[in-house]
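**Student:** Show me how the following folds:
(2 chains)
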Amino acid sequence: MNQWNARIGSLWMWAFFAAVMLLAPQVFNSGLSITMLSQMGIAIIACLSYNMLLGQGGMLSFGHAVYTGLGAFVAIHALNMYGGSGLPVSLVPVVGGFAGMGFAVLFGYVTTRKSGNTFAMITLGLAELVFAMSLMVPEFFGGEGGISGNRMSGQPVMGITFGPATQVYYLIAVYTLVCVMLMYAFTQTPLGRLLNAVRDNPERVEFIGYNPQRVRYTAFIIAGFFAGISGGLGALNFEIVNAEVVGAARSGAYLLFTFLGGATFFFGPIIGAVLMVLALVLLSEFTQAWLLYLGLVFMIMVMFSPGGIASLLMMNLRLAKHGKLHSLIPAYGVLAAASLVLLVAVAALVEVVYHRQLNSAMGSALNFMGLALDTASTQTWLGLLAAIVVGGWLFSLAQRHFANQWDAVQELIEKESHYAGAAP
Amino acid sequence: MSNTAKAPADAAPIALELRDVRKSFGKTEIIRGASLSVRQGERVAIIGPNGAGKSTLFNLISGRMPPTSGDILLNNHVINGKKPFEINRLGLSRSFQITNIFPKLSVFENLRCSVLWSLGYGYTFLKFLVDLDDANARAQELMEMIGLDKKRDVVALNLTYAEQRALEVGITIAGGANVILLDEPTAGMSKSETTRFISLIKQVTEGKTLLTVEHDMGVVFGLADRIAVLVYGEVIAFDTPDAVRASARVQEAYLGSSVADAQAGESAQGH
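**Tutor:** Predicted coordinates:
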């Protein structure tokens, strides 16, 4: 049992993960929720495969959608060509996986020769190149309309036709569980650890007998495989693949949400992937300014918590373990209240601006969270600006107060563990 | 351990040989025809004034940069022009003057990564680290040798400077290389730390060929079987400590008062 922890992690954890995926469609059983759950599974695989590069290998790729996207295209072509004649629909994502891997073999040979800034630049150029190709080769990429497929083209196996969305969801769930386990297992292998070493200090790796380029390249190919599986699942889920899937926006989303979830912990990108689907599907319904909010959140995270949500969670978990979390609750409360004031004020102003720019034909009245705002009146503008100034001032006070409290608690823990003679 | 120079084991085969090695950066020639042959099991200290090219020489031997001309032979195989990891696989390992470890990995992981190649695991991702009994045992053994077994799970970043220097040496010897190059292993250490550290180095490099760059003359005369004096990219003397001390040419070129300091230092250390 204990030995398993060092191989694939806690079995209870996996059982919990599996149970969540099994029961989620029972709890969230609307059509929209099932679609979103499916997309979350797909995004989890994509973000985790991206984090193999970013978090584990220190490779800042701006073109991960190349591998998910090309995997999706090959998968949908495979579905169309062989879906009715021998290729089980449930294995189409694996075809996507091998496609992603193949392109990673091809492109990674160039990109992984360098690390750091050079690597980032080359991936960016390559992503643009592939996107340009997608417009130039409509035979493969389907031009504007994309390539459609029919996931019901295969023979039903035990009554599973993959027609209903729930059946596709469960296929995605199985792939997600297996892929996440495999990717976790990878982190516990010699190559997985060497990848961390290459991230930390590629030069030193050369002096312990390893070629850092080959470590990066091999990891890149493995990441490409999982990215391709994610793309193949996407192809089955949407039954249409267009040039957007290899686009820069998609690559950017993987980067942004992997970082937001937390690249320094294995499970961080899972959080990021869930947020990605929530933002792309739900937030974009609520407000037209959703990309602006996303950008703000990203900036705030980069500045205040570069370890992402996962590291925030783990830091608080550490406090809880030492029985110190409750002493921070008042500070948290003050911080939350101040943040709320600032947040509401900023959001109201953003919505007022958007309303004036986009919906002014519908009159100047705006209903913001039950608040009737007249976007044409000077009072509204001055009021909101004042609220932002006050909110910002409150926030900076609360933030300083919180930081002091936080440091004090950390110091206390250091002292205690020092006296206990235990390693931190 | 005695510091009286052992007679160089003339019978032992040559482990590392430099033949008229030259290195230029642009028009400036830094290494100007260095020749040296080190026998197996010998401990050699390279000394010389700042800018003499000691670190450059280490960089050439370990493959960090290729020599402009000349040959470097490891166990009679030419290694110049090979990549650092290829040279490492042939049994030569080096440490760095500026601590060069894996900062975000724990002490144990630092060492385990460093033993993997020598145990034949290559780039595998089809085995679990926890199952590699030999690698785990070897990493544990190394950790005890360098005195960091109590810091097993501490991230290398959070070690003290002296502990990081010990880890640096641990990483260097981990792969079981027969020729070890230590670039100023005691740089930045206090006197007492240095004394302890030198006995550690003696212990972990027992039976191996050791080349070290060192500024502390007490350390040099206490550690080395032979001393190579590098001045302006040339080896002007390569002999036993006593002979180097007595050499008028060395005195004139470099040592001067340092010899007297070293003798004082040695007697202070109670030899």
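**Student:** Let's see stretch B:150-170 as PDB, backbone CA atoms only.
**Tutor:** Extracted as PDB, the C-alpha positions of stretch B:150-170 are listed here (Å, rounded to 0.1, in the frame of the first residue of the first chain):
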ATOM      1  CA  LYS B 150      19.400  14.200   8.300                       C
ATOM      2  CA  LYS B 151      18.500  16.600   5.500                       C
ATOM      3  CA  ARG B 152      17.100  14.000   3.200                       C
ATOM      4  CA  ASP B 153      13.900  15.800   2.200                       C
ATOM      5  CA  VAL B 154      15.100  19.300   2.500                       C
ATOM      6  CA  VAL B 155      15.000  21.200  -0.800                       C
ATOM      7  CA  ALA B 156      18.600  22.000  -1.800                       C
ATOM      8  CA  LEU B 157      17.700  25.700  -2.000                       C
ATOM      9  CA  ASN B 158      17.200  25.800   1.700                       C
ATOM     10  CA  LEU B 159      20.500  24.200   2.700                       C
ATOM     11  CA  THR B 160      23.300  26.200   4.300                       C
ATOM     12  CA  TYR B 161      26.200  27.200   2.100                       C
ATOM     13  CA  ALA B 162      28.500  24.500   3.500                       C
ATOM     14  CA  GLU B 163      25.800  21.900   3.100                       C
ATOM     15  CA  GLN B 164      25.300  23.000  -0.500                       C
ATOM     16  CA  ARG B 165      29.000  22.700  -1.100                       C
ATOM     17  CA  ALA B 166      28.900  19.100   0.300                       C
ATOM     18  CA  LEU B 167      26.000  18.300  -1.900                       C
ATOM     19  CA  GLU B 168      27.900  19.700  -4.900                       C
ATOM     20  CA  VAL B 169      30.700  17.200  -4.100                       C
ATOM     21  CA  GLY B 170      28.100  14.400  -3.600                       C
END
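**Student:** Is any residue of it near chain A?
**Tutor:** Yes - between stretch B:150-170 and chain A, judged by CB under 8 Å from any CB of the partner chain, the touching residues are B:K150, B:K151, B:R152, B:D153, B:V154, B:N158. C-betas here are computed from N, CA, C, even on glycine.
**Student:** from the middle of its chain, how far away would that stretch be?
**Tutor:** What separates the centre of stretch B:150-170 from the centre of its chain is 18 Å, taken as CA atoms, centre = their mean, to the nearest Å.
**Student:** Okay, buried residues for it please.
**Tutor:** For stretch B:150-170, the neighbour count (16 or more other CB atoms under 10 Å in any protein chain shown) marks B:151, B:154-156, B:159, B:162-170 as buried.
**Student:** Closest to A:S377 out of the residues of stretch B:150-170 next to chain A?
**Tutor:** Comparing the residues of stretch B:150-170 next to chain A against A:S377 with CB to CB places B:N158 closest, at 57.1 Å.
**Student:** Around the residue of the stretch 101-250 of chain B found nearest chain A, how many other residues sit close by?
**Tutor:** The nearest approach of the stretch 101-250 of chain B to chain A comes at B:W117, 3.2 Å away (CB to the nearest CB). Number of residues near B:W117 (other CB atoms under 10 Å in any protein chain shown) recorded here: 22.
**Student:** Wait, it touches B:G175, no?
**Tutor:** Yes - B:W117 lies in contact with B:G175 (CB atoms under 8 Å); the separation is 6.2 Å.
**Student:** Overlap of the contact sets of the two?
**Tutor:** A:I208, A:G209, B:N88 (CB atoms under 8 Å, 6 or more residues apart in numbering or on different chains).
**Student:** State the distance from the first one to chain B.
**Tutor:** Just to be clear, that refers to A:I208. If you measure A:I208 against chain B using CB to the nearest CB, to the nearest Å, the figure is 4 Å.
**Student:** Now that residue. Nearest residue, chain neighbours left out?
**Tutor:** Excluding the flanking residues, the one nearest A:I208 by CB to CB, 6 or more residues apart in numbering or on different chains is B:S114, at 4.5 Å.
**Student:** From what I see, that neighbour and B:G176 are in contact.
**Tutor:** No - using CB under 8 Å, B:S114 is not in contact with B:G176; the gap is 10.1 Å.
**Student:** any low-confidence regions in the chain?
**Tutor:** Looking at chain A here, since you left the chain open. A:1-3, A:418-424 (pLDDT under 70).
**Student:** The intended chain is chain B.
**Tutor:** When residues are selected by pLDDT under 70, those of chain B lie in B:1-10, B:254-271.
**Student:** which residues of it fall in strands?
**Tutor:** Here chain B has its strands, by DSSP state E, at B:14-25, B:28-39, B:43-47, B:69-74, B:77-78, B:92-94, B:179-183, B:209-213, B:226-231, B:234-239.
**Student:** what helices or strands is the third one leaning on?
**Tutor:** Right, strand B:43-47. With contacts taken as 3 or more CB pairs under 8 Å, 6 or more residues apart in numbering or on different chains; DSSP states H and E, strand B:43-47 sits against helix B:54-61, strand B:209-213, helix B:217-223, strand B:226-231.
**Student:** Send me the third one as CSV with only the CA atoms.
**Tutor:** Listed in CSV are the C-alpha atoms of helix B:217-223, where the atom choice follows Å, rounded to 0.1, in the frame of the first residue of the first chain:
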residue,chain,number,x,y,z
MET,B,217,47.8,26.8,0.3
GLY,B,218,47.3,25.0,3.6
VAL,B,219,44.7,22.8,1.8
VAL,B,220,46.9,22.4,-1.2
PHE,B,221,49.9,21.1,0.6
GLY,B,222,47.8,19.0,2.9
LEU,B,223,45.9,17.3,0.1
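**Student:** counting contacts, what elements does it pack onto?
**Tutor:** Using 3+ CB pairs under 8 Å, 6+ apart, helix B:217-223 sits against strand B:43-47, helix B:191-204, helix B:241-246, helix B:257-268.
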